[in-house]
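**Student:** turn this into a structure:
(2 chains)
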Protein chains: 2
Amino acid sequence: MSDEQNKDKQIHRRDVLKWGAVAGAAVAVGASGLGGLAPLFKPAATASKQSEDKNEQIVPFYGKHQAGITTAHQTYVYFAALDVTSSDKADVISLFRNWTSLTQLLTSGATLSGEQKNKYMPPQDTGESQDLAPANLTVTFGFGPGFFEKDGKDGKDRFGLKDKKPKHLADLPAMPNDNLDKKQGGGDISVQVCADNEQTAFHAMRNLIKQSIGVCEVRYLNKGFLSGGKNGETPRNLFGFKDGTGNQSTKDENLMNSIVWVQSGEPDWMTGGTYMAYRKIKMFLEIWDRSSLKDQEDTFGRIKSSGAPFGQKKETDPVKLNQIPADSHVSVAKSTGRQILRRAFSYTDGIDPKTGYVDAGLLFISFQKDPDRQFVPMLKALSAKDALNEYTQTIGSALFACPGGCKKGEYIAQRLLES
Amino acid sequence: MSDEQNKDKQIHRRDVLKWGAVAGAAVAVGASGLGGLAPLFKPAATASKQSEDKNEQIVPFYGKHQAGITTAHQTYVYFAALDVTSSDKADVISLFRNWTSLTQLLTSGATLSGEQKNKYMPPQDTGESQDLAPANLTVTFGFGPGFFEKDGKDGKDRFGLKDKKPKHLADLPAMPNDNLDKKQGGGDISVQVCADNEQTAFHAMRNLIKQSIGVCEVRYLNKGFLSGGKNGETPRNLFGFKDGTGNQSTKDENLMNSIVWVQSGEPDWMTGGTYMAYRKIKMFLEIWDRSSLKDQEDTFGRIKSSGAPFGQKKETDPVKLNQIPADSHVSVAKSTGRQILRRAFSYTDGIDPKTGYVDAGLLFISFQKDPDRQFVPMLKALSAKDALNEYTQTIGSALFACPGGCKKGEYIAQRLLES
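**Tutor:** Have a look, this model is predicted:
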């Protein structure tokens, strides 16, 4: 099966409907026992519409890789980490079967509308997305180190899966400037839901959490946004700088194989998978907004408006290390010679009582095939030297191993859970 | 000046650019002393594009009424209440001049890009919306009772404006089921920012707050979303029911005059204005999601999927009071015979530690010309009898008086502040 999740291959809802019976296929999955969605409902075939609206677009669910990694960046994210409270592997298997079935259904553009026969039962779907288009909805699952070894290294092997633990899966090393809130980091399972409509994303997250009741507890739930420009410009973070300029093209499968996708040297279930680094980084907007444009640009090593590195004209021009401050963010990151795929979102969280200003920051998410060789060296270098540290503080940290994708008839993480 | 804010009159960015020099006009406003935006920047005339994308659309700023009231519902909101800490009316005047100038600029689709000459100054604009289209951005300002009388009725008349206080402006009466957090209600000034892109909305709110430093403190800042369906269906709230079905057409100026717009009997500055009721209502999703479809539908008095009132076929069919439970939300609200214009948004706020489930609810916002005759009777009836109370709790409450709109050369609330 080819990788259908690249952005150049994104298809429209109407095409899916034209190809026929996606909704029907979803019911078949449910009926075959893969899903927790008993066929109480008939998924409604909604009217297709000629539109280039992003809300109408579908990201394919099945594939060699999970969606939401090299998928074109969506505007909204809900990100949750869950701790598994059950010690029964069968519960986890059942959960991932149900999650797979629901994710396939929701991302395909099918909706759980129509008449529910037994009104004395709770609705299976919470309903707030009934009339919404799929909006490039994706769901990406991962496993933290605690899933394999509870309570730290050499911890309890709850599910008999310790020998399937990925080689590089461990808590990220502590950095000197971190101010970690344990309740904002770690977790046994990660669930990243992205879409171009917040309500679509929230609906999926809520119903996934609903399915996990009795098996997991939610450790944290964050949400974010990051919007690309109207003419396809790189999105800007809350410091007003472009975020993700250094990313390689996600359309280039060879590049993605060299940066993102695990191909060998790991337990079989990680083939086609990747590691997700997660950092919740508070950004001191109040201090930043009082800094001069020169200080801001020196901090990044780029021109704020254009995104061009110092001494260059365009955002995409190569960085000349001898032209930018040695402690600038770009210089330090670039000097490590490491590459990752950034996929960050901004968050806002009301007012910071200390400053009376907006409490906000970045849900930093990156994907890489080997965090020890790619992400950790970059993290260490940035932690030691990055001028940006004056304006930021990491309050949450986690590393997750994201399994490869699945084919029709399989469920996510099946190769791990049924090995 | 005619009311240009109705949704049928929304125009596209390209039209504005075609009409010429909106960006230039914005600079002229700044230079004339109305704005706090000294012409350090040249607003960039961005390329216009043929698109029906909502992100490309502009809601006119100038008009008889403020925008964001009868404007077609946007998907995202940032809502803040501020307390004025300065006791100098000149500071408040200056703030509203600056706010007007910035709001006019941002909502017109002009952006503060281009080269900043003095790099040793902080950027005037925080920059994260530089490449974004205006996305139907609107900003709506209002005044709470504390603006006129600090610390309750017969409180201090800080600005000599007590005799300009609107007739019906007072804290909403306490309801038996309220569980109010004072820090989530009240406030001297309200700022409602709506847009079809969260980043656009946040950027406006952040820069408005930035301008208020030294004059105001932010009391609370909430954000929300509510998305209409792909074929124009009424948006659904987090209970999965359609929200706003009972609203009258905002295109009908006569109806809006009878429900929303103050025309006489109030201080002059309220002409063309309205009252905004604000309630932050926690919704117990965990209990709701375990309730049967029948219980849910009995609670509202409508069919969940279609939105039709009991005994009817379509959402818009008239409610037959004898066919729906007397304690259902629709029955109780309808029985009062009062009308308001609802403009609510859903909020989510991570995980509720008590239930381990999503902490979420509704930022209820409604507009009405006479809260004592329209909103308060409805609130009292619902508080006493509404079956929905079992699943909800109000944690924040406020009432604001929103002044009428302004013409070019004026600023918002000028008729109040310079009377």
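
**Student:** tell me the SS of the nearest residue to A:Gly186 once chain neighbours are set aside?
**Tutor:** Distances taken as C-beta to C-beta, 6 or more residues apart in numbering or on different chains place A:Ala398 nearest to A:Gly186, at 5.3 Å, with adjacent residues excluded. C-betas here are computed from N, CA, C, even on glycine. Taking DSSP: H, G, I helix; E, B strand; the rest coil as the rule, one finds A:Ala398 in the strand state.

**Student:** A:Ala398: what's it in contact with?
**Tutor:** A:81, A:144, A:171-172, A:185-187, A:190, A:277-278 (C-beta atoms under 8 Å, 6 or more residues apart in numbering or on different chains).

**Student:** partner residues bridging it?
**Tutor:** Per DSSP bridges, residues listed as beta-bridge partners of A:Ala398: A:Tyr278.

**Student:** for it, report the pLDDT, please.
**Tutor:** pLDDT for A:Ala398: 98.

**Student:** distance of it relative to A:Leu221?
**Tutor:** 13 Å (C-beta to C-beta, to the nearest Å).

**Student:** same question for A:Leu102.
**Tutor:** For A:Leu102, the distance to A:Leu221 - C-beta to C-beta - is 17 Å.

**Student:** just to revisit the earlier point, ok, of the contacts of A:Ala398, which one's closest to chain B?
**Tutor:** Nearest to chain B among these is A:Ala81, at 10.4 Å by C-beta to the nearest C-beta.

**Student:** C-terminal to the helix ranked longest in chain A, what's the next element?
**Tutor:** The residue-count maximum for a helix in chain A (DSSP state H) belongs to helix A:89-107. Downstream of helix A:89-107, the next assigned helix or strand under DSSP states H and E is strand A:138-143.

**Student:** just to revisit the earlier point, what about the contacts of A:Ala398, which are in helices?
**Tutor:** Going by DSSP H, the helices hold none of the contacts of A:Ala398.

**Student:** which SS class is A:Gly224?
**Tutor:** Classification of A:Gly224 using three-state DSSP returns strand.

**Student:** now it, nearest residue through space, not along the chain?
**Tutor:** A:Phe345 (3.0 Å).

**Student:** now do that neighbour against chain B, distance only.
**Tutor:** 10 Å (C-beta to the nearest C-beta, to the nearest Å).

**Student:** quick one: residues contacting that residue.
**Tutor:** A:76-77, A:79, A:224-226, A:362-363, A:365.

**Student:** for PyMOL, write a command that selects the buried ones of these.
**Tutor:** Buried residues within the contacts of A:Phe345, by 16 or more other C-beta atoms under 10 Å in any protein chain shown, are selected in PyMOL with:
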select buried, chain A and resi 76+77+79+224+225+226+362+363+365
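
**Student:** how about the contacts of A:Phe345, which pair is most distant?
**Tutor:** A:Tyr76 and A:Leu362 (14.7 Å; C-beta to C-beta).

**Student:** re earlier: between strand A:138-143 and the longest helix of chain A, find me the angle.
**Tutor:** If you take axes from the mean of the first three to the mean of the last three C-alpha atoms, to 10 degrees, helix A:89-107 sits at 160 degrees to strand A:138-143.

**Student:** who in the stretch 301-419 of chain A is up against chain B?
**Tutor:** Within the stretch 301-419 of chain A, the residues that sit near chain B (C-beta under 8 Å from any C-beta of the partner chain) are A:304-305, A:346, A:348, A:350-351, A:356-358.

**Student:** can we see that at 7 Å?
**Tutor:** A:304-305, A:348, A:350-351, A:356, A:358 (C-beta under 7 Å from any C-beta of the partner chain).

**Student:** between these, which sits nearest B:Cys194?
**Tutor:** Scanning these for proximity to B:Cys194, where the rule is C-beta to C-beta, the winner is A:Thr348, at 15.5 Å.

**Student:** rewinding a little: other SSEs contacting the longest helix of chain A?
**Tutor:** Helix A:89-107 makes packing contacts with helix A:22-31, strand A:138-143, helix A:198-212, helix A:414-417 when contacts are defined by 3 or more C-beta pairs under 7 Å, 6 or more residues apart in numbering or on different chains; DSSP states H and E.

**Student:** name the surrounding residues that touch the shortest one.
**Tutor:** The contact list for helix A:414-417, computed with C-beta atoms under 7 Å, 6 or more residues apart in numbering or on different chains, reads A:89, A:92-93, A:96, A:161, A:164, A:268-269, A:403, A:406.

**Student:** number of nearby residues for A:Ala90?
**Tutor:** Residues lying near A:Ala90 (other C-beta atoms under 10 Å in any protein chain shown) number 11.

**Student:** again, but for A:Gln263
**Tutor:** That count, for A:Gln263 with other C-beta under 10 Å as the rule, works out to 12.

**Student:** chain center to the longest helix of chain A, what's the gap?
**Tutor:** Distance, stretch centre to chain centre, for helix A:89-107: 18 Å (C-alpha atoms, centre = their mean, to the nearest Å).

**Student:** can you give me the angle it makes with helix A:198-212?
**Tutor:** 160 degrees.

**Student:** nearest spatial neighbour of A:Leu161, chain-adjacent residues omitted?
**Tutor:** For A:Leu161, the spatially nearest residue (C-beta to C-beta, 6+ apart) is A:Phe148, at 5.6 Å.

**Student:** okay, that neighbour: pLDDT?
**Tutor:** 96.

**Student:** and the helices in chain A?
**Tutor:** A:13-19, A:22-31, A:89-107, A:145-148, A:198-212, A:253-259, A:285-289, A:293-300, A:329-335, A:375-385, A:414-417.

**Student:** which residues of chain A score low on pLDDT?
**Tutor:** Chain A contains residues with pLDDT under 70 at A:1-52, A:111-115, A:153.

**Student:** center of it, which residue is that?
**Tutor:** For chain A, the residue nearest the mean C-alpha position is A:Gln192 (4.2 Å; C-alpha atoms, centre = their mean).

**Student:** help me confirm that that one comes into contact with A:Val77.
**Tutor:** Yes. Counting by C-beta atoms under 7 Å, A:Val77 is a contact partner of A:Gln192 at 6.5 Å.

**Student:** burial measure for A:Lys64, as a count.
**Tutor:** Using other C-beta under 10 Å: A:Lys64 sits among 18 other residues.

**Student:** check A:Met175 too.
**Tutor:** So A:Met175, with other C-beta under 10 Å, has 18 neighbours.

**Student:** how far away is it from chain B?
**Tutor:** 24 Å.

**Student:** now do A:Ser108
**Tutor:** 15 Å.

**Student:** same question for A:Lys314.
**Tutor:** 14 Å.

**Student:** can you check A:Ala110 too?
**Tutor:** A:Ala110 is 14 Å from chain B, by C-beta to the nearest C-beta.

**Student:** again, but for A:Met276
**Tutor:** Taking C-beta to the nearest C-beta, one finds A:Met276 at 20 Å from chain B.

**Student:** one step back: can you tell me which of the contacts of helix A:414-417 has the most neighbours?
**Tutor:** Top of these by neighbour count (other C-beta under 10 Å): A:Pro403, with 28 neighbours.
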